[in-house]
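Predicted model, plus sequence, below.
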Amino acid sequence: MFTVNMHEAKTQFSKLIARVEKGEEIVIARDGTPVARLVAFRQHVTIRIPSRDRTVFSVPEDFDAPLPEDILADFES
């Protein structure tokens, strides 16, 4: 973890971003007190494949059957 003061963060922002992109974490401080943390934004994209889980789950025959009275009572209370 690397700490910089506010003025340095303003003047060296592009260089700090380059360091963050390489995996470093930057702490920005004002008068020696940490106020912010600069970290890389990682967005994990999951590619959706239709029917990929077709064999994992099947809809039961009684899927839309009425609920038993005791379970229905729990929802209504």
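Looks like it arrived, so ask away. Residues are numbered from 1 along each chain as shown.

switch to C-alpha atoms for all contacts and neighbour counts from now on
Will do.

any idea which element Val27 lies in?
strand 26-30 (DSSP states H and E).

Just checking: what are the partner strands of that strand?
strand 2-5 (parallel), strand 33-38 (antiparallel) (DSSP bridges).

Redo those strands as TSV? Include mean pLDDT and distance to Asp70.
Compiled in TSV, the strands paired with strand 26-30 are given as follows (pLDDT from 0 to 100; distance: least, CA to CA, whole Å):
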stretch	mean pLDDT	distance to Asp70
strand 2-5	95	59
strand 33-38	96	52
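
okay, those strands, which one's buried deepest?
Scoring those by mean neighbour count under mean count of other CA atoms under 10 Å gives strand 2-5 as the most buried, with a mean of 16.

and the next helix or strand after that one, average pLDDT?
The element immediately downstream of strand 2-5 (helix or strand, assigned by DSSP H and E) is helix 6-11. Helix 6-11 shows a mean pLDDT of 96 in the predicted model.

Work out for me the element the residue nearest in space to the middle of the chain sits within.
By CA atoms, centre = their mean, the chain has its centre lying nearest to Gln43, at 7.5 Å. Gln43 belongs to no helix or strand when assigned by DSSP H and E.

Do you know the pLDDT at it?
For Gln43, pLDDT reads 83.

ok, back up a step: how about the strands paired with strand 26-30, which one is nearest Ile17?
strand 33-38 (8.1 Å; CA to CA).

what does that closest one contact?
Strand 33-38 has contacts (CA atoms under 8 Å, 6 or more residues apart in numbering) with 20, 25-29.

out of those, who has the most neighbours?
Ile28 (22 neighbours; other CA atoms under 10 Å).

In contact with that one, which residues?
3-6, 9, 34-38.

Helix or strand with the lowest mean pLDDT in this structure?
Within the chain, no helix or strand scores below helix 69-76, which has a mean of 91 by mean pLDDT, DSSP states H and E.
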